[in-house]
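J.: Predicted model and sequence below, questions to follow.
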Amino acid sequence: MLTTDFTTGAPNWLDLASPDTTATAGFYAAVFGWTFESAGPDAGGYGLFQKDGKTVAALGQLTEEGAAPAWTVYFRTPDADATAKAVEQAGGTVRVEPFDVMDAGRMSCLTDPGGTEFAVWQPGAVKGLEKTSEHNTLLWVELHVPDPSAALSFYRSLFGWRSSEMKMPGMTYTVLSTAEGEQEDASFGGMVAAQGSMEPRWIPYFDAADADDIVTRVQENGGTVLAPAEDVPDVGRIAWLADPFGAPFAVLKPRPRTA
């Protein structure tokens, strides 16, 4: 699962674009117990979701024309400019050219050839999220895309990701790992063929001590249940949800690992 020892290609930042940051912060406070701290007067309303004083995600105003509220997964790169250029050369799109975020780091907003939006973060003073893989923090990221094989080839060319296949009921699931470290320990996410009319997207999974309790909290605070909590063999208990403005996310109570 994810750690905060970020290597190239690992998810190292996560933020949410919303049309109403005040209401959105209130929703996630009720669901996950997060607090919201402004990043300062020069940040344009951008701020940090925190747990125990440590950053677990971020929130900003929805600004892209025609865009829907959504979570964006950022992947660590040692060179945002080189990665943006590689995305273009591989048939993707640079939506926002690389730029410096004060002294925090350098970023770029991108779209892969299959239409999935993502971003990259080149660390400066801010290395990435400060808490992952514990209750109510980012645990896993998952790509839903029409052509997993083509998507894997694209991301492997950018980040050197490794992959393995896991058989699940009715489908094959591709487990993704960074290029560095023991492959199972370096796993951070997965990839699966998108179902029906689902748009290609990265979905963040947050660790849940009790997935059913999170479902109830979402419903009580104006969110939507996209898929109710259910047990997935050898994985854990999963639910798909959306906040009051329609941004989808998932929760997972992991099945305990055995030696």
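T.: Received, thanks.

J.: Now residue 134, what are its backbone angles?
T.: The phi and psi torsions at residue 134 (degrees, to the nearest 10) take the values phi -140, psi 170.

J.: Not counting residues beside it along the chain, what's closest to it?
T.: Once flanking residues are discounted, residue 134 sits nearest to residue 207: 6.1 Å by C-beta to C-beta, 6 or more residues apart in numbering. Yep, even glycine has a C-beta here, placed from its N, CA and C like the rest.

J.: Okay, the one you found and residue 236: tell me how far apart.
T.: Distance of residue 207 to residue 236, given as C-beta to C-beta, to the nearest Å: 10 Å.

J.: Now list whatever residues contact both of the two.
T.: Contact with both residue 207 and residue 236 is made by residues 252, 253, 254, according to C-beta atoms under 8 Å, 6 or more residues apart in numbering.

J.: Give me the neighbour count for the second one.
T.: As a burial measure, residue 253 scores 22 neighbours (other C-beta atoms under 10 Å).

J.: Just the buried residues of stretch 45-65, please?
T.: Under the neighbour-count criterion of 16 or more other C-beta atoms under 10 Å, stretch 45-65 has 46-51, 55-60, 62 buried.

J.: Farthest pair within those residues?
T.: Within the buried residues of stretch 45-65, 51 and 62 form the most distant pair, 23.6 Å apart (C-beta to C-beta).

J.: Wait, residue 11 touches residue 138, no?
T.: Yes. In this structure residue 11 lies within contact range of residue 138 using C-beta atoms under 8 Å: 7.0 Å.

J.: joint contacts of those two?
T.: Listed as contacting both residue 11 and residue 138 by C-beta under 8 Å, 6+ apart are residue 2.

J.: hey, what's the closest residue to residue 187 other than its chain neighbours bridged with?
T.: Spatial nearest neighbour of residue 187, chain neighbours left out: residue 177 (4.5 Å); criterion: C-beta to C-beta, 6+ apart. Beta-bridge partners for residue 177, by DSSP bridges, are residue 162, residue 187.
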